[in-house]
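In: Here is a sequence together with a model predicted from it:
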Amino acid sequence: MILAPQPEIRKPLPLMPSRRYSPSPKSPTAAVSLKFGTRYGIAACALTMLILAFSVKIGPIAIVAMYGLWFPHLTRGGKLIIRPTGTTVAVFALPLLACLSVLWSDDKTATLKASLEFLSMILCVMVAARTIDTKSLILGVLLGSTLVVAGALATRDFEPDFLTGKMVLIGRMGSKNQVGFYASLGLYFGLGLLPKLQKPGPALLILPITVPVCAAALYFCHSATSVVALMAVFAATFMMQLLCRFPRAVRGPLLTTVTVSGIVFGSLAVALGAYGAVLKMFGKSSDLTGRTDLWATGLRIGSETPVAGHGYAAFWVQGRPEAEALWYEFDIATRTGFHFHNMHVETFVELGLIGAGILAALLLASLIKSAARVIRDGGDAESMACFGISVLFLVRSFAEVDFLGPFTVGVFMFYSVLVRLAEYRGPVVLRRRSLRHLKEPALGAPVAG
């Protein structure tokens, strides 16, 4: 009897990740899953925000707490998660320069102590960036910022501003600009990023608390820098969201056109007197309440050793005549905790043109890479978080010093973004295996039985 076999039913081959976007086998994340659970990640990020907010007040306890929170996770699956790669070289460029500056520092003891703290803080940040997923980061920062700002309002710690005379909210942090910074983080992460999460779930219930609390703190602290930076972040992210509605091929040219047009119209507005009108709106004088004079002083001091600076954290030390004069001029009774209110000038004084160049490169790389990622990915939660934080620190860098000193929330946020951008390899493109190498069997051939 001759039987004809039934045709073979073939299942489609599984989708395979394209080699173009697959993780490098040398990446620390290639062999073992590094991410914590969402609940632990949220709690760790929120606790980090609280520790860094009051690090000036609690001193060494903050250092021990940060080490205890992150250093136990330096190894996962029996392997170190931090290895010498191109990413680590870029991230550690400024801290390593700070450590090297002990060789020429004006105060070697202060430089050695502060630079080692800075280096260890970056280690903590790298561990956090490689173990905390995007959702945990957003929710943790949102929760931590809300708690810090609510605490500042609850303490009702106000003091008169030395330059303007207004009563400003300083909280237990002792700085109106830090209160404004945390408030701006809470508003951006709550209004700009939380709705972009795929499944925010019960986390949306925190918005009715976060928004009014952070808005009130931003109002009472009278931090014009925080208000301007937050407005710039929302404007820039809104523009990027509009660009993402266009086809991917035209997003880049459109962004270039908008950027160039913005620079041109901004220059014309300044030439026509808009700069003075903006200063008047925020109650600022033409010298930015003494900041321009402070910048000029910093540039003069930095020009004494222009190449490598006076040494990391070696200028603001008690007993130095220039520092003592500035503390007296700006009524800093504690004779600690002051800076030139400009990240670039401060870096120039401490680390010279080398440090200022590294800082500018990091800020520009963060902004460009995050913008490119938004254009490529269409503005998901992580890409918009990276872009918004990059814009925030770029704007604030001209009036504040957020991520040069150790154990500050600025260091945690900026370097977390930097690590995520440096290690991002693009979306995984799925494709089916090629069937050309498979020999097509003959179906329906008679078989003798």
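Out: Alright, I've got the coordinates. Residues are numbered from 1 along each chain as shown.
In: Remind me which helix or strand Thr292 belongs to.
Out: Element membership for Thr292 (DSSP states H and E) is helix 291-302.
In: On the C-terminal side of that helix, identify the next helix or strand.
Out: helix 321-329.
In: Return, as residue ranges, the portions of this structure with sub-threshold pLDDT.
Out: Along the chain, the model assigns pLDDT under 70 to residues 1-37, 163, 270, 273-276, 279, 282-283, 285-287, 425-449.
In: So in it, which helix runs the longest?
Out: If you go by DSSP state H, the chain has its longest helix at helix 343-377.
In: Can you point out the buried residues in it?
Out: Counting neighbours by 16 or more other C-beta atoms under 10 Å, one finds that the buried residues in helix 343-377 are 343-352, 354-356, 358-359, 362-363, 366-367, 369-377. C-beta here means a position set from N, CA and C on the backbone, and glycine is covered the same way.
In: Now do the helix or strand following it: which elements does it pack against?
Out: Next along the chain after helix 343-377, taking DSSP H and E as the criterion, comes helix 381-396. Here helix 381-396 touches helix 134-155, helix 224-243, helix 343-377, helix 409-423, going by 3 or more C-beta pairs under 8 Å, 6 or more residues apart in numbering; DSSP states H and E.
In: Of the ones you listed, which is nearest Pro212?
Out: Distance to Pro212, taken as C-beta to C-beta, is lowest for helix 134-155 among the helices and strands packed on helix 381-396, at 10.2 Å.
In: just to revisit the earlier point, which strands or helices does the longest helix of the chain pack on?
Out: The contact analysis (3+ C-beta pairs under 8 Å, 6+ apart) places helix 343-377 against helix 93-100, helix 224-243, helix 248-271, helix 291-302, helix 381-396, helix 409-423.
In: tilt between it and helix 409-423?
Out: 40 degrees (axes from the mean of the first three to the mean of the last three C-alpha atoms, to 10 degrees).
In: So what touches the helix holding Thr292?
Out: Defining contact as C-beta atoms under 8 Å, 6 or more residues apart in numbering, one finds that helix 291-302 is touched by 287, 309-310, 315, 322, 326, 330, 340-342, 345-346, 348-349, 352, 399.
In: what's the span of stretch 280-293 from first residue to last?
Out: Start and end residues of stretch 280-293 are separated by 19 Å (C-alpha to C-alpha, to the nearest Å).
In: picking up where we left off before, columns mean neighbour count on top of the helices and strands packed on helix 343-377, output as CSV?
Out: Formatted as CSV, those follow (neighbours: other C-beta atoms under 10 Å):
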stretch, mean neighbour count
helix 93-100, 20
helix 224-243, 19
helix 248-271, 12
helix 291-302, 18
helix 381-396, 24
helix 409-423, 23
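In: Let's have the ones you listed in CSV, adding distance to Lys57.
Out: Formatted as CSV, these follow (distance: least, C-beta to C-beta, whole Å):
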stretch, distance to Lys57
helix 93-100, 24
helix 224-243, 21
helix 248-271, 40
helix 291-302, 25
helix 381-396, 22
helix 409-423, 14
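In: right, so of these, which gets closest to Trp70?
Out: helix 409-423 (10.2 Å).
In: Counting by contacts, list what that closest one packs against.
Out: Helix 409-423 sits against helix 38-53, helix 86-91, helix 108-131, helix 176-187, helix 343-377, helix 381-396, with contacts defined as 3+ C-beta pairs under 8 Å, 6+ apart.
In: If we use 7 Å, what do you get?
Out: If you count contacts as 3 or more C-beta pairs under 7 Å, 6 or more residues apart in numbering; DSSP states H and E, helix 409-423 packs onto helix 38-53, helix 86-91, helix 108-131, helix 343-377, helix 381-396.
In: would TSV of the ones you listed with distance to Glu423 be doable?
Out: Formatted as TSV, the helices and strands packed on helix 409-423 follow (distance: least, C-beta to C-beta, whole Å):
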stretch	distance to Glu423
helix 38-53	17
helix 86-91	6
helix 108-131	8
helix 343-377	11
helix 381-396	12
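In: wait, which of the ones you listed is closest to Ser303?
Out: Proximity to Ser303, assessed across the helices and strands packed on helix 409-423 by C-beta to C-beta, is greatest for helix 343-377 (8.6 Å).
In: That closest one: how far from the chain's middle?
Out: Centre-to-centre, helix 343-377 and its host chain are 11 Å apart (C-alpha atoms, centre = their mean, to the nearest Å).
In: Next, the angle helix 381-396 makes with it.
Out: Using the same axes, to 10 degrees, helix 343-377 lies at 150 degrees relative to helix 381-396.
In: so who does Leu94 touch?
Out: Leu94 sits next to 355, 358-359 when contact means C-beta atoms under 7 Å, 6 or more residues apart in numbering.
In: In stretch 143-154, which residues are buried?
Out: Those would be 143-153, for stretch 143-154 by 16+ other C-beta under 10 Å.
In: For Gly174, state which of the residues you listed is nearest.
Out: Nearest member of the buried residues of stretch 143-154 to Gly174, counting by C-beta to C-beta, is Ala152, at 10.3 Å.
In: Please list all residues in contact with that closest one.
Out: If you count contacts by C-beta under 7 Å, 6+ apart, then Ala152 has 169, 171-173, 179, 217 around it.
In: how close does it get to Leu185?
Out: Distance, Ala152 to Leu185, using C-beta to C-beta, to the nearest Å: 13 Å.
In: do Phe234 as well
Out: 13 Å.
In: From the chain's centroid, how far away is stretch 304-322?
Out: On the basis of C-alpha atoms, centre = their mean, stretch 304-322 is displaced by 27 Å from the centre of the chain it belongs to.
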